[in-house]
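# Give me coordinates for this.
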Amino acid sequence: MRSRRPHLCATVWVAAEGFPTTRIAVVSSNLPRRCGIATFSADLMSAVKEADPDVTALVAAIDEPNVTHSYGSDVRWHIRQGDVDSFCSVAEAINRSEVDLVSIQHEFNLFGSWTDDRYVDHLRPFLETLRRPVVTTLHSVPGQPVPPMCDAIRSVARLSDQMVVMAQTALVVLSAVYGVNELARVIPHGMPAVAIAPGSRTRMKEKLGLTGRTVISTFGLVDPRKGLEYMVEALPGILCGHPNALYVIAGQTHPDQMRKAGERYREQLGSVVDGLGLEDHVSFVNEYMAQQDIVELLVATDVYVTPYLDPQQITSGTLSYALGAGKAIVSTAYLHALEALADGRGLLVGFRDPEQLAAAVNSILDDPDCKESLERRTYDYAKDMAWPRAGERWLEMAREVIARSAATPLLAGGQGSPRS
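Here you go, the predicted model:
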């Protein structure tokens, strides 16, 4: 049974709307660190502040070892990734602040380390030190975790006031695998609000220099887990009927991959392209994509593909963005895709199977009515998940957590229940 933590701030600032001013500490990687969770955190807090401009968000930025970033003024604290003492010191500093709520954006590699295949959890000591209400967003909920990862998630459940996941499937996994049957709430991954106008794809292709091309795309940080080589290998089977097809792979190599192996994976992809004679049909955009660039690429895209390799992947921001842009989507059958593309919203294929990828893409490109139906279904499914709505939902949830914490009786001496 999780215990309540005391909320010790005595000052209450009131915004014009009548809500208490909400002060949030975000514990996450942070831009300009090139990391999907850093981007997510920035987008989420921007959406929350759009929902209520009086919200204050301060950041405890998790830094890679031996890397220094030039952060904005919202970064109040720094945590050295892999250093449990640094985590605990920042928890103590947050306790001394006037923060109302702590938002943790959890991913295993950010909040722990691996030693000889053993996961060491650094979040648990942080949470045990912290004395503020906590909302933990789980960006990964492994369906087949090693025991230390299972213990880490159970600690999050015990020591958080609220957990957030981004798919209904994650709730099923939390219950079946981790024994967590309460506390978690689904707030879908946000996405830009994309307005779809007649002729927008044609105009965007012209703007991007893609006129006359049938655009298939995948964006995001590039690493071997994405399975991009299988989509490249599928192209010959697509070009037979669609000779103007172009596969756009947009995004920089993942920083962790760069540290471990440099550009080896991208070079391997290039070798596959060269070996199949596809130089005119694969385009690499080797840069970290700004949101506007992503939206423009998606608007120009005819078929979006996520050929990812992990069947247990529970969240995909790139898939969410493609849904929000109303794309016809082909994906391998990982957990998030199984849920998001159910009920005829997309086409699912097997893992590591170029022939299935080619057949699925061709079935869309060969049938304009099918393509239009898929685009309509994805857009309708995602239209209530755009960042403005996600920010409203998250802020409503955060205020509920703060109110519950404030209503918790204090123990004798003015201190709330310690964590157990």
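
# Low-confidence bits of the stretch 1-150 of the chain, can you list those?
With pLDDT under 70 as the threshold, the stretch 1-150 of the chain has low-confidence stretches at 1-20.

# For it, just list every one of the helices.
Along the stretch 1-150 of the chain, the segments classed as helices by DSSP state H, counting those that start in this stretch run 36-51, 84-95, 123-129, 147-159.

# between the ones you listed, which gets nearest to Ser113?
helix 84-95 (8.9 Å; C-beta to C-beta). The way it works is simple: take the backbone N, C-alpha and C, and place the C-beta from them, glycine included.

# packing partners for the closest one?
The elements that helix 84-95 packs onto, with contact taken as 3 or more C-beta pairs under 8 Å, 6 or more residues apart in numbering; DSSP states H and E, are strand 75-80, helix 123-129.

# Format these as TSV; extra columns: mean neighbour count.
Converted to TSV, the helices and strands packed on helix 84-95 look like this (neighbours: other C-beta atoms under 10 Å):
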stretch	mean neighbour count
strand 75-80	18
helix 123-129	20
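
# can I get these in a markdown table with distance to Ala152?
Output for these, formatted as a markdown table (distance: least, C-beta to C-beta, whole Å):
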| stretch | distance to Ala152 |
| --- | --- |
| strand 75-80 | 17 |
| helix 123-129 | 7 |
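
# so which of these comes closest to Ala61?
For the helices and strands packed on helix 84-95, the distance to Ala61 is smallest for strand 75-80, at 4.8 Å, taking C-beta to C-beta.

# report the angle between the axes of that closest one and helix 84-95?
When axes from the mean of the first three to the mean of the last three C-alpha atoms, to 10 degrees is applied, the directions of strand 75-80 and helix 84-95 differ by 160 degrees.

# can you list contacts of strand 75-80?
Strand 75-80 is contacted from outside by 25, 27, 30, 58-63, 65, 86-87, 90, 93-94, 97, using C-beta atoms under 8 Å, 6 or more residues apart in numbering.

# List the buried residues of stretch 365-378.
Within stretch 365-378, the residues that qualify as buried are 365, 371, 374-375, 377-378, counting by 16 or more other C-beta atoms under 10 Å.

# Tell me where the stretch 151-300 of the chain has helices.
Counting by DSSP H, counting those that start in this stretch, the stretch 151-300 of the chain has helices at residues 168-178, 200-207, 228-239, 255-261, 264-275, 291-300.

# mean pLDDT lowest for which of these?
Taking the mean pLDDT of each of the helices of the stretch 151-300 of the chain, the lowest value is held by helix 255-261, a mean of 86.

# Show me the contact partners of that helix.
In this structure, residues lying in contact with helix 255-261 by C-beta under 8 Å, 6+ apart are 33-35, 64, 109, 221-224, 265.

# Show the contacting residues for Thr315.
139-140, 165-167, 170, 189, 336.

# what number of residues lie near Arg118?
As a burial measure, the neighbour count of Arg118 was computed by other C-beta atoms under 10 Å and equals 10.

# Check the gap between it and Glu107 for me.
Here Arg118 is placed at a distance of 18 Å from Glu107 (C-beta to C-beta, to the nearest Å).

# again, but for Tyr71
When Tyr71 is compared with Glu107 (using C-beta to C-beta), they lie 19 Å apart.

# Distance to Leu319 added to the helices of the stretch 1-150 of the chain, as TSV?
Output for the helices of the stretch 1-150 of the chain, formatted as TSV (distance: least, C-beta to C-beta, whole Å):
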stretch	distance to Leu319
helix 36-51	12
helix 84-95	31
helix 123-129	26
helix 147-159	22
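
# Of all those helices, which one is nearest Val361?
Across those, the minimum distance to Val361, taken as C-beta to C-beta, is reached by helix 36-51, at 25.1 Å.
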